[in-house]
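> I'd like to go over a predicted model; first the sequence, then the structure.
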Amino acid sequence: MELRKRIFFIGVLFISIAAAQTKDPLKIYRKEKDKTTVLEHTKLNVSFNFKEKQLNGEAWLTLKPYFYNSNKVVLDAKAMVIHSVQLRNSELPYNYDGLKLLIDLPKTYKKDETYTLYIKYTARPEKVRQTGSSAITQAKGLYFINADGLDKNKPTQVWTQGETEASSCWFPTIDSPNQKTSQEIYMTVPSKFKTLSNGKLESQTTNSDGTRTDYWNFKKKHAPYLFFMGVGEFEIIKDVYKNIPIEYYVEKKYAAYAKDIFGLTPEMMQFFSEKLGVEYPWNKYSQFVGRDYISGAMENTTAVIHGEQAYQMPGQLIDGNVQENTIAHELFHHWFGNLVTAESWSNLTLNESFANYSEYLWREFKYGKDDADAHLLENTEAYKQGENFDSHLVRYYYKDKEDLFDAVSYNKGGAIVHMLRNYVGDAAFFASLKLYLTENKYKAAEVHQLRLAFEKVTGKDLNWFFNQWYFGKGHPTVQISYDYNTLEKKVTVNVFQRGDFFRFPLAIDIVEEGKTSRKNVFIDGVDNSFVFSYNTAPEVILINSDAVLLADFDETKTIQQYISQLKYAATYGSKKQAIEELAKQQDDKKAFNAIANAMSDSFYKVRKLAIENINLGNKFSKRAVIDKIKKIALGDDKTLVRAAAIEVLGKLIDPQYLPIFHESLKSKSYSVLGKTLVAIYYVDTAAAIKLSKELPNEVRKIIATPLTRIFIEANDDSELEFIAKNVLSGMFLTNDNRTKNLYNLAFEKIAKSNNTKAIQNVVTDLVAKGKQFKKFNFDKTAVNLLTRMVELQKINQVANRNKHIAIIRTGMTQLIN
């Protein structure tokens, strides 16, 4: 038996190496995985070896042939020790190569003839190695956090991450999204820990050895990647939607704020159920916050995990719940992704594009269309700046399945769903989604089934839309020009496409004497012209005036036209464009006044943007405008707008505004507090530094960026240890270039300093994040930064450089090994 295993393993390895040498992965067609065997039910009995970071498991898998008779079954089981494989208490022969478990069955089974395998195994997640997008990376499925308990600032936890195909790192299964299985899990843990898994907690049994066994039962069917286990010391905060229990698993420190963070969940559940016409299809909904979680969140069925960024204090929540979109996103997956699952990763858009669009739906319902449109714009801008912006939405050719989790599948896909909604209309859109969900519930689907549902409801042939947007790539690039015939009082709007040709509906608003008329046209060629009559020459013509079309527009406008656009546009995107263009022209009094007037806009993001772009240093800056900003700083109903106003006043470096700043220190908003401290720094440096140092550590951590600005500009080396704890987040986890530049400066300052604790903090963080984000090649980035630290220590002849270089090189060794 041992010889057979070795030959099998070597053969598979040889084939894999040969294939890698001869086949370009981008030319491999990534089809749906063949279904030779059906996974009907999964029953697990597990316990945890915290010392070795291993799981001791027993699995009972109920299986049957999909169609053809079979006397073998192949299971995914990564880096495990297989102790026994049995059928009806009889040992079965098997081959195992560390990835696949090939089992010989004692007979040939026919379609619908079920059998239950028993497998005893040890899962070893630390030994898992899976091929990632560009290197050997770890997607180990089962994560032990502070397993030895040595880090007193971090709780001991265990959690799992199954997507894409990592559930097979902790239990044998058919790890494919086109499989659907019910499940039972018996989890044995130290009694002090709480557990979470999919479905209902049926029972808890106290054992004599100080452990407890929790029995979780999930009776409906879902894909193996959606299995979840979570273990740790948590407070469980209860909530409810109708008769469905809702739970929030949080650390004790955040128990009082759990409903402030997650408390909109029942309302979201009701909204989505009513909007889709399909009630929430599961028997409970729990949300779990895990330490050192490797992603933003994951939609494990009824047992969602969030990263610790979900934890927020009241001073942060008053500025806006940064996790709210994610909460909506993961909940919506319980229809799109969990109830109906993409049959292959190539069809990931069926999961992620809809979850992305749920954020728009929720914000539109809860906060209004302006807010939702602004969110959509931010998403599409991020897509256009992404590395894979020119990729197909449905991708049958890719290097690695992990590459599909990008701004095309999420952001662009959400924008495409929005265009589809606009094209067919709301009634047809939601009726089509209901039909798709109903026809495919508890099954796997592909994009064509979505198209067919829409065609069945609308009676329209939508191949052109799906071929263009789902199976095509890119987006339109449109050049706009105008021809005016003043004698006939007509204007011709010319729409010319550069690059790839697209078909699309287009909304055009013509503003005439302060009144707007909407013209809806359809672009069906490379070069299109539309003639419209007018009574008086239009003040401005707004293209894509409903902000629905995902496209790039090239159009030349005058200052006056941008002023009219800012005044009359119906969407945040058009107003944002106008403000940004007018901001470059504030030597023109009318442009300055237009931005000043926008500070009174009804939508807070327009007000904030106008304040951030107003130039108070030019000759048109009037006392009335500054007085208006002063009132906003103290009285706007949005704290983020108040913070922006305080920042602008701070840049004037005028002590007369100190009373406003001192009043703002009383704000409950951490955003206001941070901007206020920086503003005070520029007029009363000593006071600002004193206030910054006296803040509670928790508050200092939250407003680290403004404090870092103060300490760096003040050359306060006594705060380098504090700054070092936030350097990497500031350098890599923000889209704000000003913040990135600040933290790059901070990194250089620390790297050439003689502050051992600061050096150690940066090295520790680099090693931790290098390992955590290895799949994104951050380990290489971390090594490069550590190398830079060594160079700076040598160049600057730092007194403790030998000690520091030893610390840095130890970190490099930990990353490389």
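Good, I have the coordinates.

> where do the strands sit along the stretch 351-500 of the chain?
Ranges of strands in the stretch 351-500 of the chain, per DSSP state E, counting those that start in this stretch, are 443-445, 477-485, 490-498.

> Please identify the most buried of those strands.
Mean neighbour count (mean count of other Cβ atoms under 10 Å) peaks for strand 443-445 among the strands of the stretch 351-500 of the chain, with a mean of 19. Every C-beta, even on glycine, is put in place using the N, C-alpha and C of the backbone.

> Walk me through which strands it pairs with, and which way each runs.
strand 340-342 (parallel) (DSSP bridges).

> between the strands of the stretch 351-500 of the chain, which one is nearest to Arg642?
strand 477-485 (37.5 Å; Cβ to Cβ).

> on contacts alone, who are the packing partners of that closest one?
Packing partners of strand 477-485 (3 or more Cβ pairs under 8 Å, 6 or more residues apart in numbering; DSSP states H and E): strand 490-498, strand 540-543, strand 552-554.

> Can you give the contact residues for the shortest one?
Okay, so that is strand 552-554. Strand 552-554 is contacted from outside by Lys384, His475, Pro476, Thr477, Val478, Gln479, Ile480, Arg498, Ile543, Asn544, using Cβ atoms under 8 Å, 6 or more residues apart in numbering.

> any chance of the residues you listed in JSON lines, with pLDDT and distance to Asn777 too?
Below are the contacts of strand 552-554 laid out as JSON lines (pLDDT from 0 to 100; distance: Cβ to Cβ, whole Å):
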{"residue": "Lys384", "pLDDT": "94", "distance to Asn777": "23"}
{"residue": "His475", "pLDDT": "97", "distance to Asn777": "28"}
{"residue": "Pro476", "pLDDT": "97", "distance to Asn777": "33"}
{"residue": "Thr477", "pLDDT": "97", "distance to Asn777": "31"}
{"residue": "Val478", "pLDDT": "98", "distance to Asn777": "36"}
{"residue": "Gln479", "pLDDT": "98", "distance to Asn777": "38"}
{"residue": "Ile480", "pLDDT": "98", "distance to Asn777": "40"}
{"residue": "Arg498", "pLDDT": "95", "distance to Asn777": "34"}
{"residue": "Ile543", "pLDDT": "98", "distance to Asn777": "40"}
{"residue": "Asn544", "pLDDT": "98", "distance to Asn777": "37"}
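
> which one of those is nearest Leu742?
Set against Leu742, the nearest of these by Cβ to Cβ is Lys384 (25.5 Å).

> Make JSON lines from the helices and strands packed on strand 477-485 and add distance to Val231 to it.
Listed next are the helices and strands packed on strand 477-485 as JSON lines, based on distance: least, Cβ to Cβ, whole Å:
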{"stretch": "strand 490-498", "distance to Val231": "55"}
{"stretch": "strand 540-543", "distance to Val231": "55"}
{"stretch": "strand 552-554", "distance to Val231": "48"}
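
> Of those strands, which is nearest Phe522?
Closest to Phe522 of the helices and strands packed on strand 477-485 is strand 490-498 (Cβ to Cβ; 10.5 Å).

> Please state the offset of the closest one from the chain centre?
38 Å (Cα atoms, centre = their mean, to the nearest Å).

> same deal with stretch 261-274?
Mean-position distance between stretch 261-274 and its chain equals 19 Å (Cα atoms, centre = their mean).

> what sits against the residue nearest the centre of the chain?
Centroid-nearest residue in the chain: Gly296, 5.2 Å away (criterion: Cα atoms, centre = their mean). Contact analysis of Gly296 by Cβ under 8 Å, 6+ apart lists His306, Gly307, Gln309, Thr326.

> So which of the strands of the stretch 351-500 of the chain is nearest Met419?
strand 477-485 (14.5 Å).

> Just the angle for the closest one relative to strand 490-498, thanks.
Relative orientation of strand 477-485 and strand 490-498, computed by axes from the mean of the first three to the mean of the last three Cα atoms, to 10 degrees: 160 degrees.

> Where does the prediction get shaky in this structure?
Applying pLDDT under 70 to the chain flags the ranges 1-22, 130-138, 775-776.

> Now the residue lying farthest from the centre of it, what are its backbone angles?
For the chain, the residue at maximal distance from the C-alpha centroid (Cα atoms, centre = their mean) is Leu487, at 54.4 Å. Main-chain torsions, Leu487, degrees, to the nearest 10: phi -70, psi -40.

> ok, now Pro224?
When quoted as degrees, to the nearest 10, the phi and psi of Pro224 stand at phi -60, psi -30.

> What about it, how many residues nearby?
Using other Cβ atoms under 10 Å, Pro224 has 24 neighbouring residues.

> Can you list the buried residues in stretch 694-711?
By neighbour count with 16 or more other Cβ atoms under 10 Å, stretch 694-711 contains the buried residues Val699, Arg700, Ile702, Ile703, Ala704, Thr705, Pro706, Leu707, Thr708, Arg709, Ile710, Phe711.
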